[in-house]
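Q: let's see this in three dimensions:
(chains A and B)
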Protein chains: 2
Amino acid sequence: MAVNFPSIDPAALHPVAGVTLGWAEANIRKPNRKDVLVIRVDEGASVAGVFTQNRFCAAPVTICREHLAAGKGIRALVVNTGNANAGTGEPGMAHARETCAELARLAGLNAQQILPFSTGVILEPLPIDRLKAGLPAALANQQAAHWFDAAQAIMTTDTLPKASSRQVTIDGHVVTLSGISKGAGMIRPNMATMLGFLAFDAKVAQPVLDELVKHVADRSFNCITIDGDTSTNDSFILIASGKSSLPAITSTDSPAYAALRDAVTAVAQDLAQLIVRDGEGATKFMTVTVEGGKDAAECRQIAYAIGHSPLVKTAFYASDPNLGRILAAIGYAGVTDLDVGKIDLYLDDVLVAKAGGRNPAYKEEDGQRVMKKSEILIRVVLGRGNATATVWTCDLSHDYVSINADYRS
Amino acid sequence: MAVNFPSIDPAALHPVAGVTLGWAEANIRKPNRKDVLVIRVDEGASVAGVFTQNRFCAAPVTICREHLAAGKGIRALVVNTGNANAGTGEPGMAHARETCAELARLAGLNAQQILPFSTGVILEPLPIDRLKAGLPAALANQQAAHWFDAAQAIMTTDTLPKASSRQVTIDGHVVTLSGISKGAGMIRPNMATMLGFLAFDAKVAQPVLDELVKHVADRSFNCITIDGDTSTNDSFILIASGKSSLPAITSTDSPAYAALRDAVTAVAQDLAQLIVRDGEGATKFMTVTVEGGKDAAECRQIAYAIGHSPLVKTAFYASDPNLGRILAAIGYAGVTDLDVGKIDLYLDDVLVAKAGGRNPAYKEEDGQRVMKKSEILIRVVLGRGNATATVWTCDLSHDYVSINADYRS
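A: Model prediction:
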């Protein structure tokens, strides 16, 4: 059901020097599937992350924050699917620590050099023994070329593995970037998708990487919504292995930083959009752009109101140009001083509403023609400033209900 | 598909002295259905209303606010279904005024004594000629006993007419209350349901009625959500005809006010809950109660996050006790200083999560047993204060998608 999901050639995912990946079938929830991933990072790399704002954040998210703050140099990431280790209280925290301790023992590291991640069902105890038992296999099959397998290993209700990769030349030096993500449901990141990992080989000072990860998340994973549910486990991690010949980037002012920032943003946008294209039950991919706002925050607020509206999403599913539902969503978005008499609404190039009312020249068959497409631009012009924001989302179909009514069954 | 929707006996809906109702089949959108309602109110009545906070409010909502402010004494309400007259710009405003002017002409009133209401599809021109042509019939069949027909005349995607009625004795005087409502979709009132009309025969001074309508809306129509979409047309109107022998209520301090307030609130809660029970595709009726909050606002915020979550709603549809989804919704509700380690979660009497984690004594079959019921209490105890809030909602089913994908087709 994924919408215009590009065919991903495993061989086109470039290895990133200084980073290896290995997986195990640990039977966390179901047998015979890759469900544990270990990413190893050579000494000297910088690692930074952004995490869910959900107050019920999962135990591993709390541990990630602790270990990144400890500053011991992150050397490995461990991910399990099938269980979110969220809503699990103190036992969940102990399990996340135990996972790190066991991987540290096996790999000769300090536990604080390890970041743990979990994704899956909330409120169930992590099967810690099966997870620990899977770690040796995930260490044994480490390879730099395993990005595609890694993308498979972090899937839950995803129907397709998600990965993106590119090489760019900065100041004459080749920089290689590869990343993976997973999503599908409970997706309205307040920080990142459920899980996104992006590695590159440029060397970046820690404070610059900390800045970069926020910049990139705000322009990629923080611009998508499937169902408006912010997960307990959202995490987005940047790994700068430092193996490229490009001199270290130590400031956000340099042209090299700008070039790297744009390349990382492009890969992260790919990864974020792949999540929407494979959204649970998705049949349409919608780009919602709000222009002419006083500030980006109000544009985002309106874009998200449209992107979350079940009525808008079902209308797109049906290819029914019931576009008043978009106006209703704009109206309840919470921008209290909005003058609706200045608002224009476009569907692709079709002007549907003009100055807050139906465009007299609008014909329903023009709306219908656009609605039948699988890629649609919803463009709102507020006429009160110069700010803009974009959100990517999908429609709401019967399959969304089926998938989420059956997820655990 | 309505959930435990009570059988409504038309004969049990008490006439309210001083109020008559009549309808027409005006072919607004579809033939052979009651789609225009006129409610007439005798001279001397007080009328008050609360309206949608949606910035894209419909033209009739703007006119209602104007006419109530004019203080000429409201003498008639006119309602059409099939077309919301919203997103219709200046022509829509002209149509709403023309409706009032025509009814004023036919009934010998001033146009400012008339409140217009519309509900139905947004962004389409109101068929003003058909609406005007229907008014004589709606005036010709006015009767005090027409509450049930009136409830039918305001239905859109509602599957059943919604009405409630009762008589109470206040200070030895009988007071009669009757009301109707409509809902079904685009229901997350920021003020009221799409349409709710409640009349009683007590005499109430205008400032007291203005206070009463807000009090009642906040405890009834403002406590429900079906899909989180706040309509452009939400309106809730109280009519105090003043024909009861009960002396006029001129202050909110009197015991008579308290008795009337509670009776009106009870009827309004009936009407609001009927909307949820007949929510589009609903198969379960859920009461979400959040207790132990610092203030009612944060309790409401959390109750609405749970009530809106598509993941929570699909889990209830499936009777799948995937209750971590409720914790996730609590966590992302936006109460930023929430200590999740103090939170308990109950499903009816089953303690699911204790102190922020799974209750060790919780057994999935206990959760499953409750989930299979059609009436379910979700109770969250925050442990940080004494405030509470309650929201009524329903599940998200395949039929919601079908109904909204097909609504106009």
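
Q: the top helix by length along chain A vs chain B: in contact?
A: Identified as the longest helix of chain A according to DSSP state H is helix A:255-277. No - judged by C-beta under 8 Å from any C-beta of the partner chain, helix A:255-277 and chain B are separated, with a smallest distance of 15.2 Å. Any C-beta I mention is one placed from the backbone N, CA and C, and that applies to glycine too.

Q: and that helix, how far out from the chain's middle?
A: 11 Å (C-alpha atoms, centre = their mean, to the nearest Å).

Q: mind listing what's buried along it?
A: Neighbour-count burial for helix A:255-277, counted by 16 or more other C-beta atoms under 10 Å in any protein chain shown, picks out A:256-257, A:259-261, A:263-277.

Q: can you tell me how far A:G367 is from A:Y346?
A: A:G367 is 10 Å from A:Y346, where distance means C-beta to C-beta, to the nearest Å.

Q: quick one: the helices in the stretch 251-400 of chain A, in order.
A: Remark: helices assigned in the stretch 251-400 of chain A by DSSP state H, counting those that start in this stretch are A:255-277, A:296-308, A:310-317, A:324-332, A:364-371, A:398-406.

Q: now do the end-to-end distance for stretch A:316-328.
A: 15 Å (C-alpha to C-alpha, to the nearest Å).

Q: low-confidence regions, the stretch 101-250 of chain A specifically.
A: A:184-194, A:226-231 (pLDDT under 70).

Q: tell me the buried residues in stretch A:382-401?
A: So, applying 16+ other C-beta under 10 Å, buried residues of stretch A:382-401: A:382, A:384, A:387-401.

Q: got the CA coordinates for the longest helix of chain A in CSV?
A: The C-alpha coordinates for helix A:255-277 follow below in CSV (Å, rounded to 0.1, in the frame of the first residue of the first chain):
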residue,chain,number,x,y,z
PRO,A,255,30.8,26.9,4.2
ALA,A,256,31.7,23.3,4.8
TYR,A,257,29.1,23.2,7.7
ALA,A,258,26.5,24.6,5.4
ALA,A,259,27.2,22.0,2.7
LEU,A,260,27.2,19.2,5.2
ARG,A,261,24.0,20.5,6.9
ASP,A,262,22.2,20.5,3.5
ALA,A,263,23.3,17.0,2.6
VAL,A,264,22.3,15.6,6.0
THR,A,265,19.0,17.4,5.8
ALA,A,266,18.3,16.0,2.4
VAL,A,267,19.0,12.4,3.6
ALA,A,268,16.9,13.0,6.7
GLN,A,269,14.0,14.4,4.6
ASP,A,270,14.2,11.2,2.4
LEU,A,271,14.0,9.1,5.5
ALA,A,272,11.1,11.1,7.0
GLN,A,273,9.1,11.1,3.8
LEU,A,274,9.6,7.3,3.4
ILE,A,275,7.9,6.9,6.7
VAL,A,276,4.9,8.9,5.5
ARG,A,277,4.9,7.0,2.1
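
Q: quick one: it to helix A:296-308, angle?
A: Interaxial angle, helix A:255-277 versus helix A:296-308 (axes from the mean of the first three to the mean of the last three C-alpha atoms, to 10 degrees): 20 degrees.

Q: quick check: phi and psi at the residue located most distally from the centre of chain A.
A: In chain A, A:P360 marks the outermost C-alpha relative to the chain mean, sitting 40.2 Å out by C-alpha atoms, centre = their mean. For A:P360, the backbone dihedrals (degrees, to the nearest 10) come out as phi -60, psi -30.

Q: and what of A:A96?
A: According to degrees, to the nearest 10, A:A96 has phi -70, psi -40.

Q: any idea how many residues pack against it?
A: 26 (other C-beta atoms under 10 Å in any protein chain shown).

Q: so it is in contact with A:P60, correct?
A: Yes - counting by C-beta atoms under 8 Å, A:P60 is a contact partner of A:A96 at 4.6 Å.

Q: which residues are in contact with both of those two?
A: A:N85, A:P116, A:S118 (C-beta atoms under 8 Å, 6 or more residues apart in numbering or on different chains).

Q: got CSV for these, with distance to A:I154, secondary structure and neighbour count too?
A: Formatted as CSV, the shared contacts of A:A96 and A:P60 follow (distance: C-beta to C-beta, whole Å; DSSP: H, G, I helix; E, B strand; the rest coil; neighbours: other C-beta atoms under 10 Å in any protein chain shown):
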residue, distance to A:I154, secondary structure, neighbour count
A:N85, 14, coil, 32
A:P116, 13, strand, 29
A:S118, 10, strand, 32
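
Q: which one of these is nearest chain B?
A: A:N85 (10.4 Å; C-beta to the nearest C-beta).

Q: which residues touch the closest one?
A: Contacts of A:N85 (C-beta under 8 Å, 6+ apart): A:A58, A:A59, A:P60, A:G92, A:H95, A:A96, A:S118, A:L126.

Q: if you set the cut-off to 10 Å instead, what comes out?
A: A:58-61, A:63, A:91-93, A:95-96, A:99, A:116-126, A:128, A:131, A:232-233 (C-beta atoms under 10 Å, 6 or more residues apart in numbering or on different chains).

Q: cheers, nothing more for now.
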